[in-house]
Structure formats: structure tokens, C-alpha cells
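Enquirer: how does the following fold in three dimensions:
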Amino acid sequence: MGLGNFFGGLFGGGKTDLWKRFERMRESTSGTMSTFYKVRDLKTGEVLGLKVVDPVKAAPVEGRYKALGKPNEGEIGQQITGHNIVRTREWGTSTGGEPFIVQDFVDGVLLHNLIAAKKPFTPEQRVDLVTQAATAIKAVHDAGFVHRDICPRNFILEPSTGRLVLIDFGLTVPDKPAFLQPGNRVGTPNYMAPEVVRRRQADKRLDIFSFGITAYEICTNRSPWPKGSTGKAAMAHDTPPDDIREGWPEIPPQLATAIMACLSADPDRRPESMGRFLTAISAVRA
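Expert: Next up is the predicted model:
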């Protein structure tokens with residue numbers, strides 16, 4: 001089966017001429033397997049986000065799950081909803097054979113850029129951002145999926161509202177053992193859980209580990225491990241992360257304990273769910 005037929009089956013039968021329907025409003029942003037555009041719908045005038053997938057780059061990832069009946073990214077996005085989740089409007093295939101996804105356009109700044117710039121979040125903002133990130137991941141898990149690429153690059157903060165939004169489901173799979181078997185290392189290297197790096201059977205707790213690193217960075221503006229070696233340190237299992245209190249001495253104890261638990265190399269020592277994490281920090285949130 002050719003790539004066009006393969007993705008045509010994944011993304012539906014009708015095809016859309018994207019650049020007759022949409023006007024590009026901003027230079028594109030290219031990712032590993034896709035390109036993102038800020039566009040205007042020429043019929044409605046609405047400003048939207050348009051993600052166009054490169055079928056050649058995505059085929060090895062999608063083909064791995066073909067026999068398992070994996071939903072495509074657009075279908076997955078429509079099943080994951082919540083205040084901290086980007087809304088997926090529709091999905092389809094372009095006349096050029098490229099899968100595409102139409103989403104709400106989130107007007108904000110990547111959390112990664114804020115952390116890299118050493119944005120001085122207040123203690124209240126840190127607690128709020130950690131809570132919003134945890135709530136977003138809980139929505140993914142509650143919908144029956146594992147994100148597999150939780151990191152600051154996949155969150156956008158809306159300055160006007162303070163809302164933190166999870167924006168990308170390109171590597172998301174159903175929360176079933178068959179989709180999380182040992183295999184290729186998937187995700188952003190410095191945020192990968194040890195079981196992923198070591199190619200072991202995984203479950204949704206891999207997202208909890210990645211969230212732990214993200215939360216640590218929100219609270220301290222630095223990584224739990226020496227910069228550039230997080231994935232290697234996590235894989236080693238014998239290199240504990242720096243204590244979060246070193247970067248934020250006044251951090252509420254419940255928050256410090258909960259985030260450090262997420263960074264456990266052993267999945268059984270992490271919170272069993274994002275709901276359990278949110279419960280653990282409920283007093284801090286209040």
C-alpha cells in the first residue's frame with residue numbers, strides 16, 4: 001500500500017485543498033513530523049491552527065500500530081477535551097496526500113521558552129502552572145490515552161488568561177499494553193522515563209515521570225539532572241535527581257514531595273495517577 005493510500009485510510013476519504021480553504025497568516029513552525037501554521041479560514045474568517053503531517057516521516061511511527069487499529073492524531077485529539085487541552089476541530093487529508101488537523105489557535109508563548117529565559121514565576125504562579133499541567137495530563141489519561149511526549153515544548157501559556165494548554169498529540173497512543181511494548185525510544189530525550197530509555201514495557205506512568213521533570217523546571221528554572229544529560233541520568237537509575245528544594249528552598253513540603261516522587265526511576269514509586277498527584281498537593285493549591 002502506498003503512503004497516500006495508507007494515510008487516506010487513516011484520515012478519511014475526502015481530500016481538502018488547504019490553500020484554497022485557508023490563508024497563511026504567519027510563517028510556519030516545523031516539528032519532527034509536521035508543520036504548523038497560523039491560518040484564517042477563508043469562509044468564516046476565523047483564525048485557527050493548522051497542523052500538516054509529513055506522511056513520509058510519520059509512516060514509520062503510524063505503521064507500527066497499523067495492525068492494532070490505532071486512531072489517528074485527529075481522532076485522538078477530538079477525544080481528549082478539557083480547559084487545558086487544545087481543541088481539535090477536524091482532521092482530514094489534503095489534495096497532496098498530507099494528513100492535516102485543524103485546531104483552535106492558542107495565542108501564547110511556549111512554556112519551554114519561558115523556562116529557558118529564566119522567567120521569574122511567583123510562588124503562586126508556579127503552583128498554578130504545575131496544577132494546570134497535571135490537570136491537562138489527567139485529561140489525556142482519563143480519555144484512555146498515554147501522551148508519550150510531555151515536556152515544556154508541548155505546553156503554551158496564554159499571557160492574557162494565564163491558561164496553560166497542552167497542544168500536541170502526535171505520539172499519543174491508547175492506554176493499552178499492546179501500544180506500550182518495549183521498542184523504539186519515543187519522546188523528547190531529556191524527558192523520557194527510564195523504562196522508555198531502557199526499552200521496557202511501559203504504561204501511563206511514563207507521562208508522570210516526564211511531568212515531574214516539567215514541574216521541577218517550572219518551580220526552579222533548571223533541570224533535575226545536569227543540563228543535557230537528563231535522559232542518560234534517568235536511564236542510569238543510580239544517579240538521583242537534585243532535590244527540588246535546592247532550587248526553591250521555600251517550596252511547600254507537600255509540593256516538593258509530590259514532584260520528587262514523580263521523578264522516581266521505579267514506576268511503582270511514582271504517584272499511580274495524575275489524580276493522586278493533584279490530591280497530594282490539594283492543600284497547597286487551596
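
Enquirer: per-residue pLDDT, Leu157?
Expert: pLDDT, Leu157: 97.

Enquirer: check contacts around it.
Expert: 108-111, 114, 129, 163-165 (C-beta atoms under 8 Å, 6 or more residues apart in numbering). Yep, even glycine has a C-beta here, placed from its N, CA and C like the rest.

Enquirer: how about a cut-off of 6 Å?
Expert: Residues near Leu157 by C-beta atoms under 6 Å, 6 or more residues apart in numbering: 108-109, 111, 164.

Enquirer: please report how far it lies from Thr35.
Expert: 22 Å (C-beta to C-beta, to the nearest Å).

Enquirer: strands of the stretch 1-150 of the chain, start to end?
Expert: 15-16, 22-24, 29-30, 34-41, 47-53, 88-94, 99-104, 109-110, 145-146 (DSSP state E, counting those that start in this stretch).

Enquirer: return the member of the ones you listed having the minimum mean pLDDT.
Expert: strand 29-30 (a mean of 71).

Enquirer: report the longest helix in this protein, please.
Expert: helix 123-142 (DSSP state H).

Enquirer: for that helix, packing partners?
Expert: strand 164-166, helix 205-220, helix 274-280 (3 or more C-beta pairs under 6 Å, 6 or more residues apart in numbering; DSSP states H and E).

Enquirer: any chance of TSV for the ones you listed, columns mean pLDDT and distance to Arg153?
Expert: Listed next are the helices and strands packed on helix 123-142 as TSV, based on pLDDT from 0 to 100; distance: least, C-beta to C-beta, whole Å:
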stretch	mean pLDDT	distance to Arg153
strand 164-166	98	11
helix 205-220	97	10
helix 274-280	98	19
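
Enquirer: okay, these in CSV with distance to Gly63 and mean neighbour count next?
Expert: As requested, these are exported to CSV (distance: least, C-beta to C-beta, whole Å; neighbours: other C-beta atoms under 10 Å):
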stretch, distance to Gly63, mean neighbour count
strand 164-166, 25, 24
helix 205-220, 22, 25
helix 274-280, 30, 18
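
Enquirer: those into JSON lines, with extra columns for distance to Cys151?
Expert: Output for the helices and strands packed on helix 123-142, formatted as JSON lines (distance: least, C-beta to C-beta, whole Å):
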{"stretch": "strand 164-166", "distance to Cys151": "11"}
{"stretch": "helix 205-220", "distance to Cys151": "6"}
{"stretch": "helix 274-280", "distance to Cys151": "16"}
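
Enquirer: out of the ones you listed, which is closest to Asp175?
Expert: Closest to Asp175 of these is helix 205-220 (C-beta to C-beta; 9.7 Å).

Enquirer: what comes into contact with the closest one?
Expert: So helix 205-220 is in contact with 115, 126, 129-130, 137, 146-147, 150, 152, 191, 193, 196, 224, 244, 247-248, 259, 262-263, 267, 270, going by C-beta under 6 Å, 6+ apart.

Enquirer: now do 7 Å
Expert: 115, 121, 126, 129-130, 133-134, 137, 146-148, 150-152, 187, 191, 193, 195-196, 223-224, 230, 244, 247-248, 251, 259, 262-263, 267, 270-271, 274 (C-beta atoms under 7 Å, 6 or more residues apart in numbering).
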